[in-house]
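Colleague: only geometry, no sequence info:
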């Protein structure tokens, strides 16, 4: 006989476990099924531990520039094993925290691999338990939060071998830092690993098929990032198509084509960061007739699939592939299921890249706004004339704002510089609340802070900038 719940969540990443918590708060009897670790890829192998690595790299790199602050240190060095151990420790601590939250909210955690079968109403969930055996579950609603995995392209050798060719997973736990490194793909994941290993002294080359790095970002930010990264010693091949990647006894060779010319690069290790694919396999979706498009489950505005009672959120349901988007979708979905007013799904999703310098953005780029037919007003303000940035020695970068000239609405914001990932939420809130230039101009920003550059960029769009 099947165990019965109001809601079953499959996958305990940041989308799944947050969804389960909100369901419990709404009074739903909830179970969550996880085949690996609570917290999913983000907490265990992605968002959190990579930030721990990046912090270690950032601090180590800063130690090499202490003379600019009137300081000095002798014998700068790093213990790579301890750097990795710290990252894993951070992940373990937070995974334990998720376990506590599940217990606190009386959510039943089921360790195993789930698959779906046709039921009387919503699909039945069958779990092959880690401990052995199987368990059958039924619920009024089932939410897929199975996430995604690194994309591989076997035809040209973009497949991890665990030793010389890595995805993000292998790149987080190597025994030593490579002397030379090739990174295929210049999205957030590729750039973050390039930034980390460069900070520790690796010679890093990033290969990007499109004409510029960080292609989803505003073009001005992309160009500024390219220049800043080159200043740190990173090398780039843009507009370059990988034709073959292969491991050798001593490293890797990578063949590419750029501007009609062939080139071969060699290195100790290569990281493949060319996107992700949704985890839709082995769930029984085909037998149920669930619609899938380009490796992702098709859903409506509330996360519902074409199968009654079955929903999908987060990475498995398509881009943007971001943890905070997954959590937000999950809360919206479960509130809709419970019949409560749902969170605003039209809110813009901010994106962050935690390299040195950091990149953060929300809303439309200038080009996207123009493509939508908007007349735009654009403001910019550089950190090089911001008092706090000068005092902190963090003058690289700028803030860019994009307004709809007709309504005065802020429609996009783009930032590059120190700690901009902590500031972007101010613009995210402004767009969500439909703030206009008048609202941003009238807001009092504390002094001295780097966030004052946000105010100045909004002023600049209307010819009112004060400090240039």
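Modeller: Okay, I see it. The structure presented is a predicted model; accordingly, all values stated were derived computationally and were not measured.

Colleague: Show me which helix runs longest in the protein.
Modeller: Longest helix in the chain, counting residues (DSSP state H): helix 80-104.

Colleague: Skipping adjacent residues, who's closest to residue 125 in space?
Modeller: Of all residues beyond its chain neighbours, the one nearest residue 125 is residue 137 (4.4 Å), with distances taken as CB to CB, 6 or more residues apart in numbering. Quick note: C-beta positions are derived from backbone N, CA and C, even for glycine.

Colleague: looking at it, the one you found is touching residue 124, isn't it?
Modeller: Yes - when contacts are counted by CB atoms under 8 Å, residue 137 is listed as touching residue 124 (7.1 Å).

Colleague: Identify the contacts common to these two.
Modeller: Counting by CB atoms under 8 Å, 6 or more residues apart in numbering, the shared contacts of residue 137 and residue 124 are residue 2.

Colleague: still on that earlier bit, show me what secondary structure element comes after the longest helix of the chain.
Modeller: The C-terminal neighbour of helix 80-104 among helices and strands, as given by DSSP states H and E, is strand 108-117.

Colleague: what angle do that next one and helix 80-104 make?
Modeller: If you take axes from the mean of the first three to the mean of the last three CA atoms, to 10 degrees, strand 108-117 sits at 90 degrees to helix 80-104.

Colleague: on contacts alone, who are the packing partners of strand 108-117?
Modeller: With contacts defined as 3 or more CB pairs under 8 Å, 6 or more residues apart in numbering; DSSP states H and E, the packing partners of strand 108-117 are strand 30-34, strand 124-129, strand 134-144, helix 285-288.

Colleague: so how far is the last one off the chain centroid?
Modeller: Chain-centre distance of helix 285-288: 29 Å, with CA atoms, centre = their mean, to the nearest Å.

Colleague: Any chance you could list what contacts that helix?
Modeller: Contacts for helix 285-288 (CB under 8 Å, 6+ apart): 116, 117, 118, 123, 292, 297, 307, 310.

Colleague: got the residues you listed as TSV, with neighbour count columns?
Modeller: Shown next, in TSV, are the contacts of helix 285-288 (neighbours: other CB atoms under 10 Å):
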residue	neighbour count
116	22
117	12
118	13
123	26
292	15
297	27
307	19
310	21
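
Colleague: Return the closest of those residues with respect to residue 462.
Modeller: residue 297 (43.5 Å; CB to CB).

Colleague: Could you tell me which ranges of the stretch 1-150 of the chain sit under the pLDDT cut-off?
Modeller: When residues are selected by pLDDT under 70, those of the stretch 1-150 of the chain lie in 1.

Colleague: how about 80 then?
Modeller: For the stretch 1-150 of the chain, the stretches flagged by pLDDT under 80 are 1-2, 119-120.

Colleague: which regions of the stretch 301-450 of the chain sit below the pLDDT cut-off?
Modeller: Counting by pLDDT under 80, the stretch 301-450 of the chain contains low-confidence residues at 342-345.

Colleague: just so I have it, where are all the strands in it?
Modeller: Using DSSP state E, counting those that start in this stretch, the strands of the stretch 301-450 of the chain run over 310-312, 351-353, 358-363, 376-382, 398-404, 410-417.

Colleague: Specify the stretch among those that is closest to residue 246.
Modeller: Nearest to residue 246, of all those, is strand 351-353, at 29.0 Å by CB to CB.

Colleague: Remind me what that closest one packs against, helices and strands.
Modeller: In terms of contacts (3+ CB pairs under 8 Å, 6+ apart), strand 351-353 is packed against helix 188-199, strand 358-363, helix 420-432.
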